[in-house]
Structure formats: C-alpha cells, structure tokens
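Undergrad: got a sequence here, can you model it:
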Amino acid sequence: MIEYDEPVYRPPGEWRSFLVQATIGCSHNGCTFCGMYKGKKFRVRPLEDILWDIRETAAFYNQFEKVFICDGDAIAMDTEDLLTIIREIKRDFPKCRLISTYAGPKSTLRKTPEELKALQEAGLGRAYLGVETGMDALLKSTNKGVDRAQMLEAGLRLRNAGIDLWSIILIGLGGKPLSMENARETAGIINAMQPGHLSAMNYTPVRGTKLGDQALRGEFQVLDARESLLETAELIRNLRVEGMHFTSDHASNYLPLKGTLSEDRDKLLTLIQGAVEGTVSIRSEGSRGL
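TA: Model prediction:
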C-alpha cells in the first residue's frame, strides 16, 4: 500500500487522478504567500520507490484515466528519470488519457526546449504553472523567484513544447492599493502567455507565512468580498485569449465562476455585478477555504 508524505496537494480538477508522489515538497518553497510545503524539505524520491508505487497501484487497479505527478514541482526532476516515470505510467495504466504535473517557473526554465518536448512526446499532457501575478514588483516582493519576463518565458516554453498549459493566478495579491493594477497587469501576462486554461484563486492569508503574518498584523490590506469581485471583473474585462477555459471556482473564491473567454465574458461579468449589488449570493467568509 502506498504511503504518501502528507500533506499532498493537487489542483481541483485532479480529484479523480492517481497521485504519483515523485518529489517531496517544492524546489523553491520561498513564496511569501504560500504555506503548502513549509513543513517539508524538498527532495526527489528514489526512482525505484516511485516505480514501485506505480506498479503496485496498477496491480490493484489499472483503470485510472488521469495521473497527477506531485508534489509541488516534479518538473524539477532529472529529465531522464521523469521520462522513465511517464513511460511506466503509460505502460501500466492503458486507459490513462492525461498525465499532469505542477511546473515551477525556475525548474521549467532549467529544462531545454528539447527536454520539454521529449516529456510531451512521452506523455506529459498538462502542466500547471503558478503565475500568481503579472506585476514585476509583486513577483519580487512575494519572492516568487522569477521576474515577469522569466515567468512569461516559462509559460511559453511549456506551450511551445505542446504541453497543455494551465495557469494559476491570485486575485488580491497586491492588496487594496494595487488591486486594479494587479488585475490589468496579470491579464497582460496571460494574454501574452496564451494558456489553454486559467484559474483565478483568491489570496487568503496563511498564518506562519511572511505575507500572512503581515496581513494579521494589519501591514497588508486583504481585499474584502466586494473588492475581490471588482478585481476579478477587471481581470476578465482585460483578458484577450480566445477559447481559454476560465475558472474561479476554488474554495477561496467568493463567487464560483466558470466559462470560456471571450464567449462567456458578458455572462461572467453580469454574475459578478449581481454579486456586487447583492442580487447574486456569494460564499460567506466561514465557508471559504484554501
């Protein structure tokens, strides 16, 4: 039986996926807003242990259609080892139609275009990239580890390799003073990156993180529900990626939203306006989470 090094995180859309824990923690693990892997020291698990997990699971149940390679940054692994893992998954799970992973921007940039293409050809179908914001100043102040140009390059490298790119951004990462600027600048980098999918989550303070503790001390002004909705609306108004799958239905969001841009832009904006005016219900603070 597989024993995971808890906690294990995966994107909401991977809830039915078999989780292959190839790395422990996040190779960067320095973002001031993130507490996901603070209790873990990054390391790559022995290849033999990873392959054992895959084979043992397949022997018990080999009908998984989706596999997610975790923890926070499996793309940081040695390329040949990651190729071996992907090929083992494809061999042991004949019905698997999608293999996905988180991709850290620094780790992605360490891969050559040829390496990323090899991973795609072996079967890596999707990568989730935490873009967070399009503002250079915020990427620096939150210690993301890359600047805007590097973040954009990481996204484009994944896309150019043929990997389905799912970008993730944080509404409210600039607090109250930078809310609208954050929305517009973030839309700008997404427009340039052209991902197939975009998830907009709400920044929620986490105790024990640098930014979370600043928020608890009142040094960082967290957006309230109305301000969060207005920033989301400004983001949507400025997005220009045709056919992009857009979601803002994470547990952190006040108003669950899902649609295709720009086809559903007006519908989404109407829902947000209704929430701002009080005619559309939103989640209470107590019902929201990470």
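
Undergrad: for L156, which three-state class applies?
TA: At L156 the chain is in helix, as set by DSSP: H, G, I helix; E, B strand; the rest coil.

Undergrad: check R91 too.
TA: helix.

Undergrad: helix or strand: which one has L170?
TA: Element membership for L170, per DSSP states H and E: strand 164-171.

Undergrad: for that strand, which strands pair with it and how are they oriented?
TA: strand 124-132 (parallel), strand 197-202 (parallel) (DSSP bridges).

Undergrad: mind putting those strands into TSV with distance to V20, mean pLDDT and mean neighbour count?
TA: For every residue, glycine as well, the C-beta is placed using N, CA and C. Formatted as TSV, the strands paired with strand 164-171 follow (distance: least, CB to CB, whole Å; pLDDT from 0 to 100; neighbours: other CB atoms under 10 Å):
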stretch	distance to V20	mean pLDDT	mean neighbour count
strand 124-132	12	98	24
strand 197-202	21	97	23
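
Undergrad: for these, give me TSV that also has distance to Y254.
TA: Shown next, in TSV, are those (distance: least, CB to CB, whole Å):
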stretch	distance to Y254
strand 124-132	19
strand 197-202	7
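
Undergrad: so what's V146 up against?
TA: When contacts are counted by CB atoms under 8 Å, 6 or more residues apart in numbering, V146 touches P105, K106, L109, L139, A154.

Undergrad: what's the burial count for the closest residue to the first one other than its chain neighbours?
TA: Spatial nearest neighbour of P105, chain neighbours left out: A154 (4.0 Å); criterion: CB to CB, 6 or more residues apart in numbering. When neighbours are counted by other CB atoms under 10 Å, A154 registers 26.

Undergrad: ok, and for the helix or strand where E115 lies, which residues are buried?
TA: Assigned by DSSP H and E, E115 falls within helix 113-122. Within helix 113-122, the residues scored as buried using 16 or more other CB atoms under 10 Å are E115, L116, K117, A118, L119, Q120, A122.
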